[in-house]
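>>> For reference, the sequence and a predicted model appear below.
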Amino acid sequence: MDECIRIANLTKTFQGKTALNQLNCVVKQGEIYGFLGPSGAGKTTTIKLLTGQLKPQSGELTVLGKPVVPGRNDLYSQIGVLTDNSGFYEKMTVRENLKLFARISQTTDTRIQQVLEQLGLAEHQNKKAEKLSRGMKQRLMFARAILHQPKLLFLDEPTANLDPSTSEDVHALIRQMNSQGTTIFLTTHNMEEAQELCDHVAFLNEGHIVEEGTPSDLRLKYAEDAVELRYKDGTCLRVRKDAEALREALKQDGQLLTIHSQEPDLKTIFLQLTGRDLR
Ligand SMILES: Nc1ncnc2c1ncn2[C@@H]1O[C@H](COP(=O)(O)OP(=O)(O)OP(=O)(O)O)[C@@H](O)[C@H]1O
């Protein structure tokens, strides 16, 4: 699979304080990549550096095969960015907002209609943006970000402050875009969200990546060396994951109901690695 993003030895400081420290990562084309970490870990800073909004102290950044040069315009035709300050004009209707952004990115009216329908905004297109619900506003920001059919979409905490049902809608949109070929770079501090959505995750803590892999590989890597056997009479037995211990356990009286391996969730793994919760 081709590389979509490569970060090599990236360091960023603000007034002498290190925000990112020798960061390395690779995002493959077509994947949903979760960049996970608590508040202040450096997630937004990484997106700003990858999209040329900030300049690093050192390190190399490659996006879609080209080095990132702050202010380089050709990158913007190929990427979409959704952050909490993506914004739109409150006093304009949904369609008027999209027409304005379409003019900047030279997108056709047909594409506007397609996006309105894809994001379930068609019936709200003549409403002023200020009258939209929070979930619909988030859809409008998505619409703006994908109007020009970017190959790569940066989503900075796309479900922060949304209720569970609206978050589910946003997850469905992310999956839909990804299934149409868009690579997604997603930041979140919500580990359940990452576990559900992402093909690959990186744990960011205090400016560097402490672990990365597919959610299922990480869960296996940090799984306890034990399985739990549950019997019909309600008793439970924990045994080591080796053939002899299992053989012994299976000899026990009582009818066996289930055998489960003990795999931690991403939240537990992050806590184990960093001693920090993801707040
Ligand atoms: N413009 C800036 N000037 C000074 N310090 C900054 C600036 N931008 C970010 N920082 C600092 O860099 C560190 C990383 O911030 P960043 O916003 O990237 O974290 P984050 O992981 O996105 O957090 P959150 O989840 O709260 O958005 C923090 O310590 C923050 O205070």
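That came through, no problem.
>>> CA atoms for contacts and neighbours, from now on please.
Fine.
>>> burial measure for the residue in the stretch 151-279 of the chain that the ligand sits nearest to, as a count.
The stretch 151-279 of the chain approaches the ligand most closely through His189 (6.8 Å), counting by C-alpha to the nearest ligand atom. His189: 23 surrounding residues under other C-alpha atoms under 10 Å.
>>> What does the pLDDT read for it?
His189 is assigned 87 on the pLDDT scale.
>>> Quick check on it: phi, psi?
Backbone torsions for His189, taken as degrees, to the nearest 10, come to phi -110, psi 10.
>>> Would you mind confirming that it is in contact with Gly37?
Yes: the pair His189 / Gly37 is scored as a contact, 5.3 Å apart, by C-alpha atoms under 8 Å.
>>> what does the average pLDDT come to for the strand or helix carrying Glu117?
Taking DSSP states H and E as the criterion, Glu117 maps to helix 109-118. For helix 109-118, mean pLDDT is 90.
>>> Equivalent analysis for stretch 128-143, please.
Across stretch 128-143, pLDDT averages out at 89.
>>> Can you show me the CA trace of it as PDB?
Below are the C-alpha coordinates for stretch 128-143, written out as PDB (Å, rounded to 0.1, in the frame of the first residue of the first chain):
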ATOM      1  CA  LYS A 128     -29.600  29.700   7.700                       C
ATOM      2  CA  ALA A 129     -26.600  27.900   9.200                       C
ATOM      3  CA  GLU A 130     -27.400  29.500  12.600                       C
ATOM      4  CA  LYS A 131     -30.700  27.600  12.700                       C
ATOM      5  CA  LEU A 132     -29.100  24.200  12.300                       C
ATOM      6  CA  SER A 133     -28.800  21.700  15.200                       C
ATOM      7  CA  ARG A 134     -25.300  20.900  16.400                       C
ATOM      8  CA  GLY A 135     -25.200  17.700  14.500                       C
ATOM      9  CA  MET A 136     -26.300  19.400  11.300                       C
ATOM     10  CA  LYS A 137     -23.700  22.100  11.800                       C
ATOM     11  CA  GLN A 138     -21.100  19.300  12.000                       C
ATOM     12  CA  ARG A 139     -22.400  17.900   8.800                       C
ATOM     13  CA  LEU A 140     -22.100  21.300   7.100                       C
ATOM     14  CA  MET A 141     -18.400  21.400   8.200                       C
ATOM     15  CA  PHE A 142     -17.900  18.000   6.800                       C
ATOM     16  CA  ALA A 143     -19.600  19.100   3.600                       C
END
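>>> Check which residues of that stretch are buried.
Neighbour counts over stretch 128-143 (16 or more other C-alpha atoms under 10 Å) mark 128-129, 132, 135-143 as buried.
>>> contacting residues around that stretch?
For stretch 128-143, contacts defined as C-alpha atoms under 8 Å, 6 or more residues apart in numbering pick out 82, 86-94, 98, 115-116, 119, 121, 162, 166, 170.
>>> try 7 Å this time
82, 86-87, 89-94, 115, 119, 166 (C-alpha atoms under 7 Å, 6 or more residues apart in numbering).
>>> Thanks a lot, see you next time.
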